[in-house]
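Participant: sharing a model prediction with you, sequence too.
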Amino acid sequence: MTGLKRLVGTTAFKLSVVYMLASAIFAGGLLLYVGWNARRLIDEQIGQTLTAQINGLADQYRIGGVRRLQSIIERRSRQPGSYLLLLQGPQAEIVAGNISGLDPSVMASTVLTETTYQRFEEVDGQTQTSTRGALIRVFVLPGNSRLLVGRDLEERERLNAVLGQAIRILIGALLVFGGLGAFVVASRALARMDAMTATSQVIMAGDLSGRLPVSGSGDELDRLAVSLNAMLVRIGELMQGMKEVSDNIAHDLKTPLTRLRNSAEQALRTAGSKEEYRAALEHTIEESDGLIRTFNALLLIARTEAGAGSDNFALVDVSGLLADFVEIYEPAAEDAGCALTAEIEPGLTVQGNRELLGQVVANLIDNALKYGLPPQSGATAEIALLARRDGDNLLIRIADHGPGIPADKHDKVVERFGRLDESRNMPGSGLGLSLASAVAHLHRGRLVLGDNHPGLAVTLELPLLPVGS
Amino acid sequence: MLTAMKILVVEDDADAAAYLVKAFAEAGHVADHAKDGLTGYGMAEEGGYDCLIVDRMLPKMDGLTMIGGLREQGLQTPVLILSALGQVDDRVKGLRAGGDDYLPKPYAFSELLARTEILARRKTSQVADTFYAVADLRLDRLSHKVTRGGEDIPMQPREFRLLEYLMRNAGRVVTRTMLLEQVWDYHFDPGTNVIDVHVSRLRGKIDKGQAKPLLHTVRGAGYVIRDGA
């Protein structure tokens, strides 16, 4: 019973029923319309026939007077058929004809009238009367005699009966087959929904590898299942990413924390003078500051990836911003024996977050200074910053002549804490490129790593069109 | 040389607040503590504080509402907002609500102390001087001239702004982050030694060959320009 209730409660069932009822009403209406038109046509035709008959009889009357008319009517009345004839004398007495029981008032009007009459019929040698419907016309003869010509409506009644039955059969069939169809459709939909619900409950219970069943018919349920499955794949990737990140965080924060703890312990054990304690504590503070920076960077990346910072986008003067950072980093580059050259197209602007873009540019130049110096001495150390318009994009390219990054490792270094083993012992949090990538995505752009032959070229591609357009 | 500040810390975390009160005391200042927004509002209204340090998330009345209320009352006391929410957007929201500076948690106390000292000082000297002097180092803000012992020191525009900011806050520690904010108007932690290089170039210009250096590095905190070690 509950199964039936659930079936009846489904959208598919309700829709089927509504559709079926609408079809029934429409089909019934169509038949009624056809019937009404047919009846009108029949009536019209009868009217025309009656007029022709009256005209014929009137001719006979003109030729032979009442007597001739009477004899014709008497003769015709004996013939079987559906024509009704009645000749009435001046005193409304019946002279000849095959009908009786007429409402006397119908003889007064000369237009086409529908009425009932009693017909005499010879059945097995006995005269019987029956009440029937008829369409009649009356013609007034000179001397106030009246001639009635009519036609039995049996054919029309038969048509009505046929149409009525057709309507009943049609609606009955629609109800039966439609109802069955509704049950079939609803139970199929219900079965598929039940399968999907069951799968999603398994997934909710924690098994992200579960996928919703796809029937292969390509219908709307299939499309829903396919996109939900795609969502599950994405969620699975994110979960995997989260797991990797938390593993990395655990590792990369544990290392400095251990170092911090060890150096504090070391100081406690060995330091003798006040100065030694002081130095140890200052070292501790430096290490802590590094940790705080890492935490802040992680927070910033997470928030940027979640879309924070896009609500206060404004027009950013990218050319000015880049000039600022060239200025900020020039002395540091010079100290490192590296030339920082800049080729910035003037007047470059983009809708964005100045702080985040600034931080990314700072990170990229900083990376180039840390990892982008040529491995062998004597080679020219150069960091080239280039900014220009490229079609609908704004390109910011920062290239160095360092050892570069092999193409197959490009994805890895963009990951959080994704550092190449060669650089593990170098300063830095391993978060700079992750932030750059997150900020690029926030601005609907992307971060592209390429080869500078030799060296690494990092390009920030930002669409010039305002975000949201 | 520095006068002691009277600071109100509005913070619901008792440990964090106790640490701040103690740390400010050690730095020679007096700090009071309010444990929720409503208490903080009342204390700030009557207290005569030099600076308020307000956590954003507070029981009874949140930090931004409290600051907005105080500003409506006409209270001009500088406010530094502390926030665990972190990052760029929150800074803008905090400053819009009437805060004067913003520091995301977790922070280094040295950074907080440096910012608080400079904020509190703003109350006493609203009008900027046209001329700064530390020992025999002079900076003229109108003619953009810097001299030491009467000798002209040529300066790049950014170097001038760097020195100007340090001298305006002579005797107070300024952090690297503060220098990036004040000289270049970017509000993030530069993290590496880029600012240090600028400062050491500046030091080369003003202290080189001088018997008494004026520009000092404060380990774990930042820089200070002052007469004497």
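Facilitator: Structure received. Residues are numbered from 1 along each chain as shown, chains lettered A, B, ... in the order given.
Participant: separation between the spatially closest residue to B:G47 that is not a sequence neighbour and B:I53?
Facilitator: When the adjacent residues along the chain are set aside, B:G47 lies closest to B:L8, with 6.1 Å between them (CB to CB, 6 or more residues apart in numbering or on different chains). Just so you know, the C-beta spots here come from the backbone N, C-alpha and C atoms, and that holds for glycine as well. For B:L8, the distance to B:I53 equals 7 Å [CB to CB, to the nearest Å].
Participant: ditto for A:L348
Facilitator: From A:L348 across to B:I53, the span is 40 Å (CB to CB).
Participant: using CSV, write out every CA atom in the helix or strand hosting the residue nearest to B:G47.
Facilitator: Element membership for B:L8, per DSSP states H and E: strand B:6-10. Written as CSV, here are the backbone C-alpha positions of strand B:6-10 (Å, rounded to 0.1, in the frame of the first residue of the first chain):
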residue,chain,number,x,y,z
LYS,B,6,48.1,54.0,28.5
ILE,B,7,46.6,51.2,26.4
LEU,B,8,43.3,49.4,26.5
VAL,B,9,43.3,45.9,25.3
VAL,B,10,39.8,44.6,24.4
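Participant: elements contacting that strand?
Facilitator: Contacting strand B:6-10 under the criterion 3 or more CB pairs under 8 Å, 6 or more residues apart in numbering or on different chains; DSSP states H and E are the following elements: helix B:14-26, strand B:30-34, helix B:37-47, strand B:51-55.
Participant: parallel or antiparallel, list what pairs with it.
Facilitator: Strand B:6-10 pairs in its sheet with strand B:30-34 (parallel), strand B:51-55 (parallel), by DSSP bridges.
Participant: one step back: who's more crowded, B:L8 and B:I53?
Facilitator: Summary of the neighbour comparison: B:L8 and B:I53, criterion other CB atoms under 10 Å in any protein chain shown, with B:I53 having more neighbours (27 against 24).
Participant: beta partners for that one?
Facilitator: Each beta-bridge partner of B:I53 is listed here, defined by DSSP bridges: B:V9, B:L80.
Participant: mind giving me the packing neighbours of the longest helix belonging to chain B?
Facilitator: Taking residue count as the measure and DSSP state H as the definition, the longest helix of chain B comes out as helix B:109-124. For helix B:109-124, the packing partners by 3+ CB pairs under 8 Å, 6+ apart come out as helix B:14-26, strand B:51-55, strand B:79-83, strand B:101-104, strand B:174-175, helix B:176-179.
Participant: make it 7 Å
Facilitator: Helix B:109-124 makes packing contacts with strand B:51-55, strand B:79-83, strand B:101-104, strand B:174-175, helix B:176-179 when contacts are defined by 3 or more CB pairs under 7 Å, 6 or more residues apart in numbering or on different chains; DSSP states H and E.
Participant: who's in contact with residue 142?
Facilitator: Looking at chain A here, since you left the chain open. Residues in contact with A:P142 (CB atoms under 7 Å, 6 or more residues apart in numbering or on different chains): none are found.
Participant: let me rephrase: I mean chain B.
Facilitator: For B:L142, the contacting residues are B:T130, by CB under 7 Å, 6+ apart.
Participant: picking that back up, contacts for the longest helix of chain B?
Facilitator: Under the criterion CB under 7 Å, 6+ apart, residues B:5, B:7, B:23, B:27, B:50-51, B:53, B:77-78, B:80, B:100-101, B:103, B:169, B:172-175, B:177-178, B:220-222 lie in contact with helix B:109-124.
Participant: and these, which are buried?
Facilitator: Buried residues within the contacts of helix B:109-124, defined by neighbour count using 16 or more other CB atoms under 10 Å in any protein chain shown: B:5, B:7, B:27, B:50-51, B:53, B:77-78, B:80, B:100-101, B:103, B:169, B:172-175, B:177-178, B:220-222.
Participant: now the strands paired with strand B:6-10 as CSV including mean pLDDT?
Facilitator: Listed next are the strands paired with strand B:6-10 as CSV, based on pLDDT from 0 to 100:
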stretch, mean pLDDT
strand B:30-34, 88
strand B:51-55, 90
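Participant: now do the buried residues in stretch A:101-112.
Facilitator: Neighbour counts using 16+ other CB under 10 Å place A:L102, A:V106, A:M107, A:L112 of stretch A:101-112 among the buried residues.
Participant: what subset of those is also close to chain B?
Facilitator: The residues of the buried residues of stretch A:101-112 that also fall near chain B, by CB under 7 Å from any CB of the partner chain, amount to none at all.
Participant: closest to chain B among those residues?
Facilitator: A:L112 (88.5 Å; CB to the nearest CB).
Participant: so which helix or strand takes in the closest residue to the closest one other than its chain neighbours?
Facilitator: Nearest in space to A:L112, with sequence neighbours left out and distances taken as CB to CB, 6+ apart, is A:G47 at 4.8 Å. Remark: A:G47 resides in helix A:11-78, with elements defined by DSSP H and E.
Participant: for that helix, the averaged confidence score.
Facilitator: Helix A:11-78 shows a mean pLDDT of 85.
Participant: okay, the helix or strand of chain B with the lowest mean pLDDT in PDB with CA atoms only?
Facilitator: Taking mean pLDDT, DSSP states H and E as the measure, the helix or strand of chain B with the lowest value is helix B:87-96, at a mean of 73. Output in PDB follows, covering the C-alpha atoms of helix B:87-96 (Å, rounded to 0.1, in the frame of the first residue of the first chain):
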ATOM      1  CA  GLN B  87      43.900  39.200   5.100                       C
ATOM      2  CA  VAL B  88      43.200  41.900   2.700                       C
ATOM      3  CA  ASP B  89      39.400  42.400   2.800                       C
ATOM      4  CA  ASP B  90      39.100  42.400   6.500                       C
ATOM      5  CA  ARG B  91      41.700  45.200   6.700                       C
ATOM      6  CA  VAL B  92      39.600  47.400   4.400                       C
ATOM      7  CA  LYS B  93      36.500  46.700   6.400                       C
ATOM      8  CA  GLY B  94      38.200  47.400   9.700                       C
ATOM      9  CA  LEU B  95      39.600  50.700   8.600                       C
ATOM     10  CA  ARG B  96      36.300  51.700   7.100                       C
END
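Participant: many thanks, have a good one.
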